[in-house]
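[1] got a sequence here, can you model it:
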Amino acid sequence: MDRLEGRVALVTGAASGIGHAAVVRLAAEGAAVVVADIQDGPGEAVAEEVRGQGGRAVFQHHDVADESSWQGCLQRTLDEFGRLDILVNNAGIGDVATIEETSRDDYERTIAVDQTGVFLGMKTAAPALKESGHGSIVNISSIFGASGGFGTSPAYHAAKGAVRILTKNAALHWAREGVRVNSVHPGFIDTPMLAAVKGTEYETAMIDLTPVGRLGSPDEVAACVAFLAGDDASFITGSELYVDGGFLAR
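    Here you go, the predicted model:
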């Protein structure tokens with residue numbers, strides 16, 4: 001399938017988990033991909049994986065909370081591939097602390113990465129995406145951007161909820177300028193972020209709360225990202241796609 005042939009994508013948080021899967025899927029569908037992450041070794045490995053499969057990819061060290069890093073990442077994209085058509089704002093961090101346990105520094109760091117990083121990405125990439133003529137932004141939010149979850153991780157919930165509404169705001173702003181903006185809301189996905197709870201009662205609870213009775217895979221999220229990135233989704237903007245095994249249908 002080559003529905004993204006000739007397109008260029010930039011994926012943040014691309015060294016592992018959903019970001020890694022998104023890079024591989026976008027490249028498999030024909031896109032050239034900039035693999036952006038603060039993890040140099042794993043990020044380089046993802047880019048090499050794509051190249052080994054006959055795709056086009058480069059790694060760029062990138063801190064999404066740093067505006068100058070965004071400018072450098074966009075310039076690298078343009079230098080390497082000459083354009084930008086797809087931005088996937090995937091980078092994120094989280095924790096399981098309660099509101100009493102969360103320090104201000106920890107709260108602000110999560111907001112900086114999970115929320116401000118998305119804002120900076122859209123702002124920085126806007127001119128190139130508008131020039132593309134069929135620009136697509138996919139912001140990775142979460143089921144916890146639309147629910148209170150377990151009453152923990154207040155910064156993560158606040159940030160992901162903000163991404164949900166920021167997506168709609170940007171979609172309306174760019175609706176007549178050829179840039180679509182949508183959010184994807186993964187449920188409990190089997191990624192390295194869940195490594196600490198594998199085999200514990202927390203994993204059991206996640207599965208029990210998911211109507212289909214299992215964790216999702218990064219590839220299942222990546223398939224939705226690829227759909228929203230391309231022309232098959234040309235009349236979809238400002239939407240939120242839940243990839244959660246039915247969690248929010250309860």
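
[2] where do the helices of this protein begin and end?
    17-28, 40-52, 67-81, 104-111, 117-132, 154-173, 201-209, 218-229 (DSSP state H).

[3] check contacts around residue 233.
    136, 180, 182, 227 (Cβ atoms under 8 Å, 6 or more residues apart in numbering). All C-beta atoms are positioned from the backbone trio N, CA, C, and that covers glycine.

[4] ignoring the adjacent residues along the chain, who's closest to residue 244?
    residue 187 (2.9 Å; Cβ to Cβ, 6 or more residues apart in numbering).

[5] ditto for residue 65
    Using Cβ to Cβ, 6+ apart, the closest residue to residue 65 is residue 112 (4.1 Å).

[6] the one you found: how many residues sit nearby?
    18 (other Cβ atoms under 10 Å).

[7] can you give me the distance of it to residue 153?
    Using Cβ to Cβ, to the nearest Å, we find residue 112 at a distance of 15 Å from residue 153.

[8] helices and strands of this structure: which one has the lowest mean pLDDT?
    One helix or strand of the chain scores below all others by mean pLDDT, DSSP states H and E: helix 201-209, with a mean of 92.

[9] how about that helix, which residues are buried there?
    Within helix 201-209, the residues that qualify as buried by neighbour count (16 or more other Cβ atoms under 10 Å) are 203, 206, 209.

[10] in JSON lines, list these along with distance to residue 130.
    Formatted as JSON lines, the buried residues of helix 201-209 follow (distance: Cβ to Cβ, whole Å):
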{"residue": "203", "distance to residue 130": "43"}
{"residue": "206", "distance to residue 130": "40"}
{"residue": "209", "distance to residue 130": "41"}
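
[11] pick the one among those residues closest to residue 77.
    Closest approach to residue 77 among these (Cβ to Cβ): residue 206, at 35.5 Å.

[12] what sits against the closest residue to the closest one other than its chain neighbours?
    Nearest non-adjacent residue to residue 206, counting by Cβ to Cβ, 6+ apart: residue 188, 4.0 Å away. Contact analysis of residue 188 by Cβ under 8 Å, 6+ apart lists 194, 206, 207, 209, 210, 215, 216, 244, 245, 247.

[13] and the gap between the spatially most central residue of the chain and residue 109?
    The chain has residue 90 as the residue nearest its centroid, 2.1 Å off, counting by Cα atoms, centre = their mean. Noted for residue 90: a distance of 17 Å to residue 109, by Cβ to Cβ.

[14] how far does stretch 116-130 sit from the chain's center?
    Put simply, stretch 116-130 sits 13 Å off its chain's centre (Cα atoms, centre = their mean, to the nearest Å).
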